[in-house]
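Student: here you go, sequence then predicted model.
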Amino acid sequence: MEALNITNLCKTYVVNKRSNNVLRNVNLKIEQGEMVAVMGPSGSGKTTLLYTISGMDRATAGSVDFFGRELTDMKGNEMSDLRLREMGFVFQQMYMLKNLSIYDNIVLPAYQAQAGHHKAGRADICERAVMLMKKLGISEVSENAVNEVSGGQLQRACICRSLINQPKIIFADEPTGALNKQSSGEVMDELNRINHEGMSILLVTHDMKVASRCERVLYIEDGTIRDEFALGKWDITQDMRVRERNLNDWLIKLGW
Ligand SMILES: Nc1ncnc2c1ncn2[C@@H]1O[C@H](COP(=O)(O)OP(=O)(O)OP(=O)(O)O)[C@@H](O)[C@H]1O
């Protein structure tokens, strides 16, 4: 089944009466369980694509079918609700609330999703958070404040937060952009693991190492998908250097 079917997606920003056609007729399908990277030059529209697909920005034209539902004509509150319950987000700037512990940050979206309902589900939420923190190796910092953990731990906490409502897809915008090489590798190990468990992931990156762990890489230029490269699903037995080399050769041909 397709997680996303995007047809003729356009996004135009108007600033000081000047139009900037940032996305121009983007067509794209993402299968359920796929892990896809978006690369391309700075300003080519990568983040805009992620924001427009996920309804954080309104599309100017075109269609976004998300598991059989059209998103572009959804009302604002309906869209926010769907984002909260069915989409997970991981950003370069981690946007954690500084006055809350790591645990409280992780459970917050689940409490939001429960607002108006009775509190019986709180034990479930706690169980899910504990399980996720264990899985991502951050149990020991669960009560720490946001400024008392490393960048890698913080990003792993953000991944826990993105998963707390059991979404259908994860959107990640430069998830390793603020991390050193080792933490970046650890965060990607987790995203790969989550993907192997069936989660669909669409991520934006400038980093070839990150993209080479994805199944498919899209190259966006001037707001259109110029080309794509199928790497196949990564598994631990494959030589990452070969994937990186193949991806690098393709990117060089595109003038990256
Ligand atoms: N909210 C906005 N209002 C007006 N213009 C915007 C807005 N967001 C992005 N843009 C413009 O859209 C274009 C694409 O921006 P976008 O952030 O999508 O590029 P990108 O490919 O993600 O770039 P980078 O790799 O540098 O992060 C740029 O020209 C940018 O100035």
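Tutor: Cool, the structure landed.
Student: C-alpha from now on. contacts and neighbour counts both.
Tutor: Noted.
Student: tell me the helix or strand right after the longest helix along the chain.
Tutor: What stands out as the longest helix in the chain, according to DSSP state H, is helix 181-196. Per DSSP states H and E, the first helix or strand lying C-terminal to helix 181-196 is strand 200-204.
Student: does anything pack onto that following strand? Which helices or strands?
Tutor: Judged by 3 or more C-alpha pairs under 8 Å, 6 or more residues apart in numbering; DSSP states H and E, strand 200-204 is in contact with strand 35-39, helix 46-53, strand 169-173.
Student: for the second one, list the C-alpha coordinates in CSV.
Tutor: Spelled out, that is helix 46-53. What follows is helix 46-53, C-alpha atoms only, in CSV (Å, rounded to 0.1, in the frame of the first residue of the first chain):
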residue,chain,number,x,y,z
LYS,A,46,13.5,20.1,0.3
THR,A,47,12.1,21.4,3.5
THR,A,48,9.2,23.0,1.8
LEU,A,49,8.4,19.6,0.3
LEU,A,50,8.3,18.0,3.7
TYR,A,51,6.3,20.8,5.2
THR,A,52,3.8,20.9,2.4
ILE,A,53,3.3,17.1,2.4
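Student: hang on, the earlier thing: kindly reformat the helices and strands packed on strand 200-204 as CSV containing mean neighbour count and distance to D239.
Tutor: Output for these, formatted as CSV (neighbours: other C-alpha atoms under 10 Å; distance: least, C-alpha to C-alpha, whole Å):
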stretch, mean neighbour count, distance to D239
strand 35-39, 27, 18
helix 46-53, 21, 28
strand 169-173, 24, 24
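Student: just tell me which of the ones you listed ends up closest to the ligand.
Tutor: Of all these, helix 46-53 sits nearest to the ligand, with 3.7 Å by C-alpha to the nearest ligand atom.
Student: what comes into contact with the closest one?
Tutor: Helix 46-53 is contacted by residues 6, 11, 22-23, 38-40, 57-59, 64, 171, 173, 204, 220, 223 when judged by C-alpha atoms under 8 Å, 6 or more residues apart in numbering.
Student: the helix or strand following that helix versus strand 169-173: what angle between them?
Tutor: Using DSSP H and E, the helix or strand that follows helix 46-53 in sequence is strand 61-66. Strand 61-66 and strand 169-173 are oriented at 130 degrees to each other (axes from the mean of the first three to the mean of the last three C-alpha atoms, to 10 degrees).
Student: and strand 61-66, what does it pack against?
Tutor: Looks like strand 61-66 contacts strand 2-15 (3+ C-alpha pairs under 8 Å, 6+ apart).
Student: which strands border the helix or strand that comes right after the strand it packs on, and is each parallel or antiparallel?
Tutor: Sequence-wise, the next helix or strand downstream of strand 2-15 (DSSP H and E) is strand 18-31. Using DSSP bridges, the strands paired with strand 18-31 in its sheet are strand 2-15 (antiparallel).
Student: quick check, the strand it pairs with touching the ligand?
Tutor: Yes: applying C-alpha under 6 Å from any ligand atom, one finds strand 2-15 touching the ligand at Y13.
Student: got a ChimeraX select line for the buried ones in the contacts of helix 46-53?
Tutor: In ChimeraX, a selection of the buried entries from these looks like this (16 or more other C-alpha atoms under 10 Å):
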select :6,11,22,23,38,39,40,58,59,64,171,173,204,220,223
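Student: just the closest of the contacts of helix 46-53 to the ligand, please.
Tutor: Of all these, the one with the least separation from the ligand (C-alpha to the nearest ligand atom) is V22, at 5.3 Å.
Student: what sits against that closest one?
Tutor: Contacts for V22 (C-alpha under 8 Å, 6+ apart) come out as C10, K11, T12, Y13, S44, G45, T48, D222, G223.
Student: understood, closing this out.
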